[in-house]
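Trainee: using only what follows, build the 3D model:
(chains A and B)
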Amino acid sequence: MFDSRNRALALTIVRRTVSTLITLLGVAIIVFVILRLLPGDAITASLGVNAGLLSPAQHAALVHFYGLGKPPVQQFFSWLGASFSGNLGVSLSAQQPVSTLIDQAAPVTLELSIVSLVLGLLIGVGFGMIGALKPGKVGDEVGQGIAVVGLGVPVFVLGTALVTFLSSHFHYFPSSEPYASLFSDPWLNIQQIFFPSLVLSIGIGAAIMRTTRAAVLEVSSQNFVRTARGKGIKARVVTWRHLFRNALVPIVTMSGIQLGYLLGGTVIVEQIFILPGLGRLLVTAINERDFPVVQSITMLFATAFVLVNLGVDVICALIDPRSRGR
Amino acid sequence: MAITGPDPLTAARPDQPVAKTRRLRLSGGGFWAALWASRSGKFGIVLVGITLLGALVSILGLAPYDPQHQDLAANLAAPSSDHWLGTDNFGRDLFSLVLEGIVVSLEIAVLATLIAGVFGSLGGIAAGYLGGTTSTLIMRASDILFAIPAILLALAIVTALGPGILDSALAIGIGWIPIFVRVVRAPVLSLRNADFVRAGQVLGFSRRRVLFRHILPSVYGVIAVQTSLALAWAILAEASLSFLGLGPPPPTASLGQMVSDSSSLAGIAWWTLAAPSLAIIIAVVGFNYLGDGLRDAADPRSRRS
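Mentor: As a prediction, this is how the structure comes out:
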């Protein structure tokens, strides 16, 4: 069965998917241009100033080895093709395949991101709803206070302050022990992930809170809400079925946008809390000018961000028919 | 072409502005009073004022100490009347060092905002005013740039260019271009079809005159708001980069670097963390509030609420 509603939905999804693919191709081009075509190439990157000491023959051999002699367009497509088959190149400093390094680091960042997003949603939607239902009351004030901290204090300040506080007042620093995966030592893993997630979630939570509060307040002034209350529907049902559901589109959209900040934030908290995730790998790679690693991680983060926002658009189209076809 | 509403000939006369299009005005009509009257505006002016004053003091050489002077006898001194914000582990006066950090931070932020503002606004105006293929291409490119989280884009560019003041500015600025494109394009697009703009076209005004005299004046407000928000973001991004050790190398003073250095000291000397953090927070929050205040003040609709 394919009635017009479903067709509109399917059309929206197809159109957004196609434009997402085009965007991803564009992202790949930008990342390639920044890291391959700007000053310096893989040879100077791996050898530094010693590159000047190469004999012409050695230089030519290396140019051939890195495929630098080919035209940029061909280089781009061979990189893209190799990436699709899982060959991300070899790390210049670690002398290991980039895919191995990423396989080791990705679960840490994934866990960190998911826990942060969940905590952020709890803080944001929770206090946002409390604030919108009883504006100006204690709960609202507490929420606004958290929002001021979350929006005003940079992640790295919050993280550094938390680490200092924990270690100097409680002599507690979970990351002083080597990182434990969720499966090898769940209890230590939770301790190691919780504090950095908390730091990240306050910033995300603040943004989601402001969106939730504003969206719910706006919905609550509409006629159908008054009608629902007037009909004698229970307050709790009005809150979730009428208010929250109709405020959901901006909340979901904001959560998707926050993922971009979250990915940037993981780079910083992984540094502070010494977690061996993608962010830490990225910073190490930047310092060592390890281009293949930087390129792969940037591409991976951008892909994740773009795909999540595709997911957000699909979810919004499912929640609210009005946002279809936009 | 059917024209409804007021007579297009009188509507186009500058002495009788009949246009009802939402305009963000930056001057006259009690703009500054409106900015000061809004809570965000007042807060923003005060905080940005403190930041600019701090930078000015440092530029004029009025800081109490030479920021790079090491007085090892007085290392890690707590805040006192001698050292208002205490000293670091080399005995450098943190107040003077923070002021110098603000100057560097503003330098990079202003350059980055200039890059984003100029390219983004031009792109937005072109996309909005010209329409057609140009618009499609610009918006597509802007969407692609927008798809890479800005701080990651900055990290990638810094990797390629290396750390330096101009390099950092470029790395930070490029990420903010698509935001300018979006916010500038929207009002240009809606004004292009406004009655007073069409009237100007009917009167045979040149495209340039219509663009500069009729459309752009209404866009300056949007650009000003976005400039303030971009400055806030750029200061934050610069501090984040230098916190990660990817900012301009020492001896350039850097607030993010100071926060990073403090991580091993803050347990015994909290002021080494508090001093640079406070400066960053005041500047970032200040420019954010100023942006909100400008929006409130420049838009009569939100002024009422």
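
Trainee: where's the closest residue to residue B:155 other than its chain neighbours, which helix or strand?
Mentor: Once flanking residues are discounted, residue B:155 sits nearest to residue A:286: 6.1 Å by C-beta to C-beta, 6 or more residues apart in numbering or on different chains. C-beta coordinates here come from the backbone N, C-alpha and C atoms, glycine included. Here residue A:286, judged by DSSP states H and E, is contained in helix A:278-287.

Trainee: contacts for that helix next, please.
Mentor: A:91, A:93, A:101-102, A:105-106, A:108-109, A:266-271, A:274, A:290, A:293-294, A:297-298, A:300-301, B:155, B:158-159, B:244-246 (C-beta atoms under 8 Å, 6 or more residues apart in numbering or on different chains).

Trainee: check the burial of the residue nearest to residue B:155 by counting its neighbours.
Mentor: Neighbour count for residue A:286, taken as other C-beta atoms under 10 Å in any protein chain shown: 24.

Trainee: could you point out the longest helix in chain B?
Mentor: When chain B is parsed with DSSP state H, its longest helix is helix B:94-130.

Trainee: I'd like the average pLDDT over the host helix or strand of residue B:209.
Mentor: Here residue B:209, judged by DSSP H and E, is contained in helix B:207-209. What helix B:207-209 shows for mean pLDDT is 85.

Trainee: next secondary structure after it?
Mentor: helix B:220-243.

Trainee: quick one: list the elements packing against that next one.
Mentor: Counting by 3 or more C-beta pairs under 8 Å, 6 or more residues apart in numbering or on different chains; DSSP states H and E, the packing neighbours recorded for helix B:220-243 are helix A:155-170, helix A:245-272, helix B:94-130, helix B:150-161, helix B:165-192, helix B:255-262, helix B:271-298.

Trainee: separation between the spatially most central residue of chain B and chain A?
Mentor: Central residue of chain B (C-alpha atoms, centre = their mean): residue B:231, 2.3 Å from the mean position. Note on residue B:231: its distance to chain A, by C-beta to the nearest C-beta, to the nearest Å, is 15 Å.

Trainee: now for the residue nearest to residue B:48 when sequence neighbours are not counted, how many residues are close by?
Mentor: Once flanking residues are discounted, residue B:48 sits nearest to residue B:286: 4.2 Å by C-beta to C-beta, 6+ apart. Residues lying near residue B:286 (other C-beta under 10 Å) number 25.

Trainee: what residues are up against residue B:286?
Mentor: Per C-beta under 8 Å, 6+ apart, neighbours of residue B:286: B:43, B:44, B:46, B:47, B:48, B:50, B:51, B:232.

Trainee: try it again with 10 Å
Mentor: A:152, B:43-52, B:228, B:231-232, B:235 (C-beta atoms under 10 Å, 6 or more residues apart in numbering or on different chains).

Trainee: quick revisit: out of the contacts of helix A:278-287, which end up buried?
Mentor: A:91, A:101-102, A:105-106, A:108-109, A:266-271, A:274, A:290, A:293-294, A:297-298, A:300-301, B:155, B:158-159, B:244-246 (16 or more other C-beta atoms under 10 Å in any protein chain shown).

Trainee: from the stretch 101-250 of chain A, which residue is nearest to chain B?
Mentor: Residue of the stretch 101-250 of chain A nearest chain B, by C-beta to the nearest C-beta: residue A:168 (3.4 Å).

Trainee: hmm, that residue is touching residue A:162, no?
Mentor: No - contact between residue A:168 and residue A:162 fails when scored by C-beta atoms under 10 Å: they sit 11.2 Å apart.

Trainee: compare these two and say which is more crowded by neighbours.
Mentor: residue A:162 (17 against 14).

Trainee: how much space separates residue B:189 from residue B:131?
Mentor: 8 Å (C-beta to C-beta, to the nearest Å).

Trainee: next one: residue A:282
Mentor: 40 Å.

Trainee: ok, those two, which is more surrounded?
Mentor: More crowded of residue A:282 and residue B:131, by other C-beta under 10 Å: residue A:282, with 29 against 13.

Trainee: what about residue A:110, distance to residue A:181?
Mentor: Here residue A:110 is placed at a distance of 12 Å from residue A:181 (C-beta to C-beta).

Trainee: next up, phi/psi of residue A:85, please.
Mentor: phi -90, psi 10 (degrees, to the nearest 10).

Trainee: neighbours around it, how many?
Mentor: Using other C-beta under 10 Å, the number of residues around residue A:85 comes to 7.

Trainee: can you check residue B:251 too?
Mentor: Neighbour tally, residue B:251, other C-beta under 10 Å: 9.

Trainee: repeat for the one 5 residues further on
Mentor: Using other C-beta under 10 Å, residue B:256 has 27 neighbouring residues.

Trainee: which ones are touching it?
Mentor: A:154, A:156-157, B:101, B:105, B:235-247, B:276, B:280.

Trainee: and the helices in chain A?
Mentor: For chain A, the helices defined by DSSP H occupy A:4-32, A:42-47, A:56-66, A:72-84, A:98-133, A:138-152, A:155-170, A:186-220, A:223-230, A:235-237, A:245-272, A:278-287, A:291-319.

Trainee: mean pLDDT for those helices: which is lowest?
Mentor: Minimum mean pLDDT among the helices of chain A: helix A:42-47, a mean of 58.

Trainee: which residue is the nearest non-sequential neighbour of the residue in the stretch 1-150 of chain A positioned nearest to chain B?
Mentor: Minimum separation of the stretch 1-150 of chain A from chain B (C-beta to the nearest C-beta) falls at residue A:26, amounting to 3.4 Å. Take residue A:26 and drop its neighbours on the chain: the residue closest to it by C-beta to C-beta, 6+ apart is residue B:144, 3.4 Å away.

Trainee: would the one you found count as being in a strand?
Mentor: No - assessed with DSSP: H, G, I helix; E, B strand; the rest coil, residue B:144 is helix; it does not lie in a strand.

Trainee: so who does the residue nearest to residue B:272 when sequence neighbours are not counted touch?
Mentor: Once flanking residues are discounted, residue B:272 sits nearest to residue B:262: 3.9 Å by C-beta to C-beta, 6+ apart. Counting by C-beta under 10 Å, 6+ apart, residue B:262 touches A:157, A:160-161, A:164, B:88-89, B:94, B:269-277.

Trainee: ends of stretch B:65-81, what's the gap?
Mentor: Distance between the two ends of stretch B:65-81: 13 Å, counting by C-alpha to C-alpha, to the nearest Å.

Trainee: and it, what's buried?
Mentor: B:65, B:67, B:74, B:77, B:79.

Trainee: now the third one: how far from chain A?
Mentor: This means residue B:74. For residue B:74, the distance to chain A (C-beta to the nearest C-beta) stands at 22 Å.

Trainee: test my guess that that residue contacts residue B:91.
Mentor: Yes - here residue B:74 reaches residue B:91: they are 4.7 Å apart, a contact under C-beta under 10 Å.
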